[in-house]
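K.L.:
quick one, structure for this:
(chains A and B)
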Protein chains: 2
Amino acid sequence: MSRIVTVGAAQLGPIQRAHSRTDVVRRLIDLMRRARAMGCDLVAFPELGLTTFFPRWWMEDQAEVDAFFEREMPGPETRPLFEEAARLGIGFTIGYAELTVEDGRTRHFNTSILVDKAGRIVGKYRKIHLPGHAGHEPWRAFQHLEKRYFEVGNLGWPVSRAFGGIMGLCICNDRRWPETYRVMGMQGVEMVLLGYNTPEHHPPAPEQDHLAEFHNHLSMQAGAYQNSTWVVGVAKAGVEEGCMLIGGTAIIAPSGEIVAKALGRDDELIVAACDLDHAVSYKTTIFNFAAHRRPEAYGLITERAGVVPPPGDE
Amino acid sequence: MSRIVTVGAAQLGPIQRAHSRTDVVRRLIDLMRRARAMGCDLVAFPELGLTTFFPRWWMEDQAEVDAFFEREMPGPETRPLFEEAARLGIGFTIGYAELTVEDGRTRHFNTSILVDKAGRIVGKYRKIHLPGHAGHEPWRAFQHLEKRYFEVGNLGWPVSRAFGGIMGLCICNDRRWPETYRVMGMQGVEMVLLGYNTPEHHPPAPEQDHLAEFHNHLSMQAGAYQNSTWVVGVAKAGVEEGCMLIGGTAIIAPSGEIVAKALGRDDELIVAACDLDHAVSYKTTIFNFAAHRRPEAYGLITERAGVVPPPGDE
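P.N.:
Next up is the predicted model:
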């Protein structure tokens, strides 16, 4: 058997604050066309793929913050992307800051969507693992204020039947948490699409900086292998507003092997023909969950958020 | 700060069926002495470290099966190992098949223990993720009958305060499941000690055979990184009763980096001075569980064992 989904992972170079959404959409459309020319069914763009990574700044004026958010999707500036996708007959996924009114309340999420070849939104996810901090920490070279500007996502990790398979979405920091992949794995996910903006420098732990790309791949490769799923991880990379973001965009097979990887830190397209049935031998043998998992022993994973060490001295 | 535990990972070459426990204990003591000479506080031996990996055979005579099990620990043949450890002032961990009577019932477990420098058992674990199958499958080149010969462990994944830190145990196939490390991570584990007997050839999915060592390291490195813990993985390796077992014994830092690795597939000692405080910068920043985990979104992990795909066509 084989069920091929040809995927383009479209790494973006930096988006500076001065760049308009119209500028960015032009770059996205260029990458989309190149992906279509290489036979892609689907092109994946990164997290917050329409603007600069604004959580690096402390802002007190909510109007200034909200200028980075989308109030509708598609909106006037993003509609050309949807129209071009439908014209080309290619699907896509992209992340953006979402401003919405729910239950009479204005809400802010770090969101990604999956769009089918007809230009319809068929999957939506709001980031759950928000990294960083909520208060101003002026000692940092730059802030990481996702906990200030976004609420925790309220959609879980849904999966969608699309592109002939079971597709899932997550975003950036989610990829470091095995629970992310597992919740989708429990729903039979066959391809996880994720974007990230990952500063190379982590102010609270600079001694880890040289490992940033290793940790990126390690987390995604383990998530792929342990859940028998393709993982497509797409960076926004390069020097954005003085902050270096890692690259390392990669397409990873259910074996955990990297089958395609970006070389640079600018706009760059990598492509792989991904056979969703590559996962079958894993899902039916060593990772046959029904045969081998033991949820009765996993209680601590859902009972609490934090560590409780055993009694005794530190 | 630094809290150094110097660990020897003592890979074993094959143990053939004809080898007596006394023969094996002699090898273990030799490795233990070498570890002590290299300054080790602790030496780690593999799963089922006293006998050949007997689940490769279909046996119908329970007495024949039970001959591979230990009825007491230490027993007459293993007491010299405990005595030598106490004499040298070195701790150890080892796996063995455990036959015990609990609640008036004879029970069989795949067990490992942690022994302190005084020769006292300070940690005990019974394998939860039993791989393989329960029935005879004669088409296989060899059987993998752990589900026949063992019950699922009934001790959870306890951690122990020992060697100046928080130590955890798991066994072989457990290492492929992120839940294993996470349950110990929720208890603040700082070093996970595990042994394995992993055939290079996996009869149900031989197309994965060439990836066996990659998957071994990928799983342990991700478990280490994602839970900010040292992981010490120790193989029984080489051609045992005609069956090739992988090597790849490794000591892995909380960064996910391999800091020591065995080269061969025979008795081989590797050593590392492991600073338990290496994990602090991870546990307090990116993997501060209390700050970043979202258990309310993890329900599917504990609600059921197997996959339930979304509605719709396959």
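K.L.:
list the contacts of the helix or strand hosting residue A:234.
P.N.:
Assigned by DSSP states H and E, residue A:234 belongs to strand A:230-235. Applying CB atoms under 8 Å, 6 or more residues apart in numbering or on different chains, the external contacts of strand A:230-235 come out as A:7, A:9-12, A:44-46, A:175, A:181, A:190-198, A:216, A:220-221, A:223-224, A:245-254, A:262, A:265, A:274, A:276, A:278-279. To be clear about C-beta, it is placed using only N, CA and C from the backbone, and glycine gets the same treatment.
K.L.:
just these that are near chain B?
P.N.:
residue A:221 (CB under 8 Å from any CB of the partner chain).
K.L.:
so residue A:227 touches residue A:189, yeah?
P.N.:
Yes: using CB atoms under 8 Å, residue A:227 is in contact with residue A:189, at 6.7 Å.
K.L.:
mutual contacts of those two, please.
P.N.:
In terms of CB under 8 Å, 6+ apart, residue A:227 and residue A:189 are both contacted by the residues residue A:181.
K.L.:
what's the neighbour count on the closest residue to residue A:305 other than its chain neighbours?
P.N.:
Using CB to CB, 6 or more residues apart in numbering or on different chains and skipping the chain neighbours, the partner closest in space to residue A:305 is residue B:293 (4.4 Å). Using other CB atoms under 10 Å in any protein chain shown, residue B:293 has 24 other residues around it.
K.L.:
residue B:293 touches residue A:176, doesn't it?
P.N.:
No: the pair residue B:293 / residue A:176 is not scored as a contact, 11.1 Å apart, by CB under 8 Å.
K.L.:
quick check: neighbours shared by these two?
P.N.:
residue A:129.
K.L.:
which of the contacts of strand A:230-235 fall in helices?
P.N.:
Among the contacts of strand A:230-235, DSSP state H puts A:181, A:216, A:220-221, A:223-224 in helices.
K.L.:
any idea of the mean pLDDT for stretch A:232-244?
P.N.:
Taken as a whole, stretch A:232-244 carries a mean pLDDT of 98.
K.L.:
same question for stretch A:79-90.
P.N.:
Rounded mean pLDDT across stretch A:79-90 is 98.
K.L.:
can you list contacts of it?
P.N.:
By CB under 8 Å, 6+ apart, stretch A:79-90 touches A:25, A:28-29, A:32-33, A:35-36, A:40-43, A:74, A:91-92, A:94, A:115, A:117-119.
K.L.:
stretch A:30-44 too?
P.N.:
Stretch A:30-44 is contacted from outside by A:5-10, A:12, A:45, A:81, A:84-85, A:88-93, A:117, A:163, A:193, A:195, A:232, A:234, A:267, A:269, A:271, A:273, using CB under 8 Å, 6+ apart.
K.L.:
report whether the least confident helix or strand in chain A by mean pLDDT contacts chain B.
P.N.:
Ranked by mean pLDDT, DSSP states H and E, the weakest helix or strand in chain A is helix A:280-283, scoring a mean of 93. Yes: judged by CB under 8 Å from any CB, helix A:280-283 comes into contact with chain B at A:281-283.
K.L.:
make JSON lines out of the residues you listed and add neighbour count.
P.N.:
Listed next are the residues of helix A:280-283 next to chain B as JSON lines, based on neighbours: other CB atoms under 10 Å in any protein chain shown:
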{"residue": "A:281", "neighbour count": "19"}
{"residue": "A:282", "neighbour count": "23"}
{"residue": "A:283", "neighbour count": "19"}
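K.L.:
adding distance to residue B:145, write those residues out as CSV.
P.N.:
Below are those laid out as CSV (distance: CB to CB, whole Å):
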residue, distance to residue B:145
A:281, 21
A:282, 21
A:283, 22
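K.L.:
from those, pick the one nearest chain B.
P.N.:
Nearest to chain B among the residues of helix A:280-283 next to chain B, counting by CB to the nearest CB, is residue A:281 at 4.3 Å.
K.L.:
tell me the contacts of the closest one?
P.N.:
B:204-205, B:207-208.
K.L.:
count of neighbours near the nearest residue to residue A:10 once chain neighbours are set aside?
P.N.:
Using CB to CB, 6+ apart and skipping residues adjacent in sequence, the residue nearest residue A:10 is residue A:31, 4.1 Å away. Using other CB under 10 Å, residue A:31 is surrounded by 20 other residues.
K.L.:
quick check: which element contains residue A:31?
P.N.:
Counting by DSSP H and E, residue A:31 is part of helix A:21-37.
K.L.:
do residue A:86 as well
P.N.:
Assigned by DSSP H and E, residue A:86 falls in helix A:79-88.
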